[in-house]
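Engineer: Pasting the sequence and the predicted model now:
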There are 2 protein chains.
Amino acid sequence: MPHVKCKGHCYTCPVRHQSIFSELPEDTLEETIKDFHTSVLTYESGETLFRQYDDSSESAFTLRKGLIKVTKSLPDGRTQIVRILVAGDLFGFDGFANESYNNTAIALTDCEVCRLPMAELAVLRKSMPGIDQSMVARLIKNVRQSEDMLLELGAKKASEKLASFILRLSLSDQNLSFSVDSLQGKPGSEWAKLHLSRSEIGSLLGLTIETVSRFFSDWKRKGFIQEEKGSIQILDAEGLKDAACTQGACN
Amino acid sequence: MPHVKCKGHCYTCPVRHQSIFSELPEDTLEETIKDFHTSVLTYESGETLFRQYDDSSESAFTLRKGLIKVTKSLPDGRTQIVRILVAGDLFGFDGFANESYNNTAIALTDCEVCRLPMAELAVLRKSMPGIDQSMVARLIKNVRQSEDMLLELGAKKASEKLASFILRLSLSDQNLSFSVDSLQGKPGSEWAKLHLSRSEIGSLLGLTIETVSRFFSDWKRKGFIQEEKGSIQILDAEGLKDAACTQGACN
DNA sequence: CGATCGTTTGATTAAAATCAATCTGAGTGG
DNA sequence: CCACTCAGATTGATTTTAATCAAACGATCG
């Protein structure tokens, strides 16, 4: 059950400058939304914010704190994680094109989100041109990320998927990290310690828990990686690449 | 080699009303772009419009006629088709966020595109608010489609991927079709007869030609589908689903 | 007619899923 | 504090799935 914390205020918003509203003059924005039905909601780790199909998409959300996984599932339960949301991300805006959510959002950590009715977001988009512009920028990044992921899922072998994944996380300035250096210090990141289970890693890469576990165990034995309290460190990136990837497949 | 046909004019554009410029008042648009460096280019089937990485993304394109596949590849040549473009689609706009193209665009049929320098599209976006709005709408649709595809690639078995694929095409009003009913009659669709080779279907679904061929042969023998001059018809959708899909996986 | 390209089909191998035990560690309650 | 439980994770054995290797087929083209 989400807990309503309060009505949201832009000037106190921790992720204001990472959101799609970042470019807008603060006073104008605050003035415009003063009669809007925004609210700040909190969810506990594991809670579902909305589900594909069965909810009608009447609200969009901005993530203030925490991490959220966005998934899609087949009727028999097989699930694919399609994206992981970090502070500042806008999500649940399917309502623009379709009445129901196209995916499911589940809190990976305790979360705080700002909810905004779709209709009111639509008004904002009309009245403040900058919003569409930042949405375009974000959506393009989104599309690019999805395309990259399609290549991961469609063209790579299990070991390559896994190696790319942990390498990407360990580098990543703009991406997620197990140890989340990239998020450290940024507003809204206090609760953002990413910890994915084997099952979630599998669900992200289209693999089973066993396959994930086997490769990780193997790489630990070989000294390429190490893991402590759920956080993976890469000890020998070159060795890992040599062992897991055909030339260039993991860069 | 692309052939420059002429400078583009919006009022003669066959896909004007399917493009991101559809909502704009015609005269204003034409007036605004009159000094722009638009040009209409033609490409033959098989030609590459741009390649991931090695081109700097200085132009965006609108597809006027024909079909284009957008792909991503690994260094060793393994290739994933990430999207198929139809008349009216805007593409190659990676320049907004990044200097180089994130993917490769290859003509599936003879094509006609309208090329617009990124810098000028940026001007348009600033001066005509509606453009960002239609871009948002399209990009959302794009994201949704990519998410769907991630589920296909990450969670489904070969037979399910293939069955979903041909079922989707055969229904599809808004999607692509082998026989392309959905496009028939729409402006710009004259050259839009989709014919994908086994290898391209494989590259779209993350399978090999042999696997594609085997399932299709099997389904022909069983009378679920038939194929004539490259166009697949579904004879028994229920039978196909029963044979190829776990409950609900192919709807 | 031979050459070529895409497809089909078969045989074999490799990869990953599945099935089945165990193991581990973090709570829980006696 | 010590069993006990439970959810993940690991490991092994086995099966299934799809890739790979290999050959042949069929249409099209110069």
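Structural biologist: Thanks, I have it. Residues are numbered from 1 along each chain as shown, chains lettered A, B, ... in the order given.

Engineer: Now do residue A:233, the pLDDT please.
Structural biologist: pLDDT recorded at residue A:233 is 92.

Engineer: Likewise for residue A:228?
Structural biologist: Reading off the model, residue A:228 has pLDDT 85.

Engineer: gap between it and residue A:2?
Structural biologist: Distance from residue A:228 to residue A:2, counting by C-beta to C-beta, to the nearest Å: 33 Å. The way it works is simple: take the backbone N, C-alpha and C, and place the C-beta from them, glycine included.

Engineer: Among these two, which residue is more densely surrounded?
Structural biologist: A direct count of neighbours by other C-beta atoms under 10 Å in any protein chain shown for residue A:228 and residue A:2 places residue A:2 higher, at 16 against 7.

Engineer: following the helix or strand containing residue A:29, which helix or strand shows up next?
Structural biologist: Element membership for residue A:29, per DSSP states H and E: helix A:26-32. Counting by DSSP H and E, the element after helix A:26-32 in chain order, helix or strand, is strand A:39-43.

Engineer: residues from chain A in reach of DNA strand C?
Structural biologist: Within chain A, the positions adjacent to DNA strand C are A:157-159, A:206-208, A:210-211 by C-beta under 7 Å from any atom of the strand.

Engineer: Do the helix holding residue A:29 and chain B come into contact?
Structural biologist: No: interface with chain B: helix A:26-32 contributes nothing (C-beta under 8 Å from any C-beta of the partner chain), its closest point being 15.8 Å away.

Engineer: which of the residues in that helix are buried?
Structural biologist: A:29, A:32 (16 or more other C-beta atoms under 10 Å in any protein chain shown).

Engineer: which residues touch it?
Structural biologist: Helix A:26-32 is contacted from outside by A:9-11, A:16, A:21, A:124, A:127-128, using C-beta atoms under 8 Å, 6 or more residues apart in numbering or on different chains.

Engineer: And the residues you listed, which of them are buried?
Structural biologist: By neighbour count, with 16+ other C-beta under 10 Å, the contacts of helix A:26-32 hold A:10, A:16, A:21, A:124, A:128 as buried.

Engineer: Now the phi/psi pair for the last one, please.
Structural biologist: Okay, so that is residue A:128. Phi and psi for residue A:128, reported as degrees, to the nearest 10, are phi -120, psi 100.

Engineer: my read: it touches residue A:24, true?
Structural biologist: Yes: using C-beta atoms under 8 Å, residue A:128 makes contact with residue A:24 at a distance of 5.8 Å.

Engineer: what ranges do the strands span in the stretch 101-250 of chain A?
Structural biologist: A:104-107, A:111-117, A:225-228, A:231-234 (DSSP state E, counting those that start in this stretch).

Engineer: how about those strands in a markdown table, adding distance to chain B?
Structural biologist: Below are the strands of the stretch 101-250 of chain A laid out as a markdown table (distance: least, C-beta to the nearest C-beta, whole Å):
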| stretch | distance to chain B |
| --- | --- |
| strand A:104-107 | 11 |
| strand A:111-117 | 15 |
| strand A:225-228 | 22 |
| strand A:231-234 | 21 |
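
Engineer: Please produce TSV containing the ones you listed, extended by distance to residue A:92.
Structural biologist: Below are the strands of the stretch 101-250 of chain A laid out as TSV (distance: least, C-beta to C-beta, whole Å):
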stretch	distance to residue A:92
strand A:104-107	7
strand A:111-117	9
strand A:225-228	33
strand A:231-234	29
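
Engineer: Save the ones you listed as CSV, and put in distance to DNA strand D too.
Structural biologist: What follows is those, written out as CSV (distance: least, C-beta to the nearest atom of the strand, whole Å):
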stretch, distance to DNA strand D
strand A:104-107, 13
strand A:111-117, 18
strand A:225-228, 7
strand A:231-234, 10
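
Engineer: so which of those gets nearest residue B:146?
Structural biologist: strand A:104-107 (16.1 Å; C-beta to C-beta).

Engineer: so how far is that closest one from its chain's centroid?
Structural biologist: Taking C-alpha atoms, centre = their mean, to the nearest Å, one finds the center of strand A:104-107 at 10 Å from the center of the full chain.

Engineer: Surely residue A:68 touches residue A:107?
Structural biologist: Yes: if you go by C-beta under 8 Å, residue A:68 and residue A:107 touch, sitting 5.6 Å apart.

Engineer: May I have the worst-scoring helix or strand of chain A on mean pLDDT exported as PDB, CA atoms only?
Structural biologist: Of the helices and strands making up chain A, the lowest-confidence element is strand A:3-6, at a mean of 72, by mean pLDDT, DSSP states H and E. Extracted C-alpha coordinates of strand A:3-6, given in PDB (Å, rounded to 0.1, in the frame of the first residue of the first chain):
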ATOM      1  CA  HIS A   3       1.500   5.900   1.800                       C
ATOM      2  CA  VAL A   4       0.600   9.500   0.800                       C
ATOM      3  CA  LYS A   5       3.200  11.700   2.300                       C
ATOM      4  CA  CYS A   6       2.100  15.100   1.200                       C
END
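
Engineer: which helices and strands sit right next to it?
Structural biologist: strand A:39-43 (3 or more C-beta pairs under 8 Å, 6 or more residues apart in numbering or on different chains; DSSP states H and E).

Engineer: Tell me the first helix or strand C-terminal of the strand it packs on.
Structural biologist: strand A:48-50.

Engineer: May I have the residues that are in contact with residue A:211?
Structural biologist: A:158, A:202.

Engineer: what does residue A:141 give?
Structural biologist: Residue A:141 neighbours (C-beta under 8 Å, 6+ apart): residue B:97.

Engineer: swap in residue A:57?
Structural biologist: A:50, A:92-95, A:98-101, A:118.

Engineer: Which members of those occur in helices, if any?
Structural biologist: With DSSP state H as the criterion, helices contain residue A:118 from among the contacts of residue A:57.

Engineer: Grab the longest helix from chain A for me.
Structural biologist: Per DSSP H, chain A has its longest helix at helix A:129-155.

Engineer: now that one against helix B:129-155, angle please.
Structural biologist: Counting by axes from the mean of the first three to the mean of the last three C-alpha atoms, to 10 degrees, helix A:129-155 lies at 20 degrees to helix B:129-155.

Engineer: thinking residue A:110 is in contact with residue A:43, fair?
Structural biologist: Yes: contact criterion C-beta under 8 Å: residue A:110 and residue A:43 qualify, at 7.1 Å.

Engineer: Looking at the two, which has the bigger crowd around it?
Structural biologist: Shown here are residue A:110 and residue A:43; by other C-beta under 10 Å, residue A:43 has more neighbours (21 against 16).

Engineer: does that one really touch residue A:108, like I thought?
Structural biologist: No: applying C-beta under 8 Å as the test, residue A:43 and residue A:108 come out as separate, 10.2 Å apart.

Engineer: Spit out the residues that contact these two alike.
Structural biologist: With C-beta under 8 Å, 6+ apart, residue A:43 and residue A:108 have common neighbours residue A:66.

Engineer: For the stretch 1-150 of chain A, which residue gets nearest to DNA strand D?
Structural biologist: residue A:46 (8.6 Å; C-beta to the nearest atom of the strand).

Engineer: Please list all residues in contact with the closest residue to that residue other than its chain neighbours.
Structural biologist: Spatial nearest neighbour of residue A:46, excluding adjacent residues (C-beta to C-beta, 6 or more residues apart in numbering or on different chains): residue A:107 at 6.3 Å. Listed by C-beta under 8 Å, 6+ apart, the contact set of residue A:107 reads A:43-49, A:66-68.
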